[in-house]
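**Student:** What shape does this take:
(one chain, ligands or ions: 1)
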Amino acid sequence: MTQDELKQAVARAAIGYVVDGEIIGVGTGSTANFFIDELAAIKHRIKGTVASSEATAARLQGHGIPVFDLNEVDSIAVYIDGADEIDASGAMIKGGGAALTREKIVASVSKSFVCIADGSKLVGTLGKFALPVEVIPMARNAVFRQLAALGGQPKVRVKPGTDEPFVTDNGGHLIDVAGLSITDPVGLENTINGITGVIAVGLFAARGANVCLLGTAEGVKTLSW
Ligand SMILES: O=C[C@H](O)[C@H](O)[C@H](O)COP(=O)(O)O
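**Tutor:** I've put the predicted structure just below:
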């Protein structure tokens, strides 16, 4: 099976976690896009969605699926999203698609987090994928120096084909930190959250996944915590 077929398989399996009549939180990225396309087929069963990025909102609306502002919503039944890496405890690195902050916000008000990922995303130790950190633009270099002091190799994410910093949906900049071996995900998440100027770090460990639907050649495996 191709990686896209594995993503499609987990996206389809995630439909089993959609709660009828409720608001569903929807993530960002290629795997989440497959999920959105599956959700379109059962859109009449749900009240609507909250999107974790402008791109996701546009794709949902393109399918005629209602998208609510988070401020209009009291609670979200389930949040369904991909990951760049996930470990055996359900801790994840996210933000390769630049949506980490809104993803973290939507996940934080969701009753459960269902991660959908192809098998390549399951790792023993997080950190091979460079850890994204969203920062307030004026603090970019100050945060950069503090991230370097943690032992990784930070790099400012740029707009493709330019030297200009990439700008997120929130107007933030991104620093990707390579070379970390994250043996204490909750500790590192707290440490980076404590750096002044950081908006959010793409470590989802204090609040990790409750379920991971993992696409493998042998079928969709379910991990739960
Ligand atoms: O910002 C993007 C998100 O955290 C994605 O969930 C993550 O990058 C995984 O994306 P994909 O499903 O495309 O591998």
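
**Student:** Tell me the predicted confidence for Met1.
**Tutor:** Met1 is assigned a pLDDT of 89 by the prediction.

**Student:** Report the contact partners of it.
**Tutor:** Met1 makes contact with Ala9, Gly215, Ala217 under the criterion C-beta atoms under 8 Å, 6 or more residues apart in numbering. (Each C-beta comes from the backbone N, C-alpha and C, glycine too.)

**Student:** Any figure for the gap between it and Thr196?
**Tutor:** 45 Å (C-beta to C-beta, to the nearest Å).

**Student:** How are the strands of the protein distributed by residue range?
**Tutor:** Per DSSP state E, the chain carries strands over the ranges 23-26, 48-51, 78-81, 85-86, 92-93, 113-118, 131-135, 153-156, 173-178, 198-201, 203-204, 211-216, 219-224.

**Student:** of all these, which lies closest to Pro165?
**Tutor:** strand 173-178 (4.4 Å; C-beta to C-beta).

**Student:** So this protein: which segments form each domain?
**Tutor:** Residue ranges for the domains of the chain, per automatic domain parsing: 3-122+206-224, 131-200.

**Student:** Residue nearest the middle of this protein, spatially speaking?
**Tutor:** Lys94 (4.4 Å; C-alpha atoms, centre = their mean).

**Student:** Report the spatially nearest residue to that residue, omitting neighbours in sequence.
**Tutor:** Gly202 (4.8 Å; C-beta to C-beta, 6 or more residues apart in numbering).

**Student:** Contacts only, for the one you found.
**Tutor:** By C-beta under 8 Å, 6+ apart, the contact list for Gly202 reads Asp84, Ile93, Lys94, Gly95, Leu100, Leu131, Pro132, Val133, Glu134.

**Student:** Tell me which of the domains of the chain is the most buried.
**Tutor:** Compared across the domains of the chain, domain 3-122+206-224 shows the largest average neighbour count, a mean of 20 (mean count of other C-beta atoms under 10 Å).

**Student:** Could you export the strands of the chain to TSV, including columns for distance to Asn141 and mean pLDDT?
**Tutor:** Output for these, formatted as TSV (distance: least, C-beta to C-beta, whole Å; pLDDT from 0 to 100):
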stretch	distance to Asn141	mean pLDDT
strand 23-26	33	98
strand 48-51	31	98
strand 78-81	30	98
strand 85-86	27	98
strand 92-93	23	98
strand 113-118	33	97
strand 131-135	9	98
strand 153-156	9	98
strand 173-178	10	98
strand 198-201	13	98
strand 203-204	22	98
strand 211-216	36	98
strand 219-224	39	97
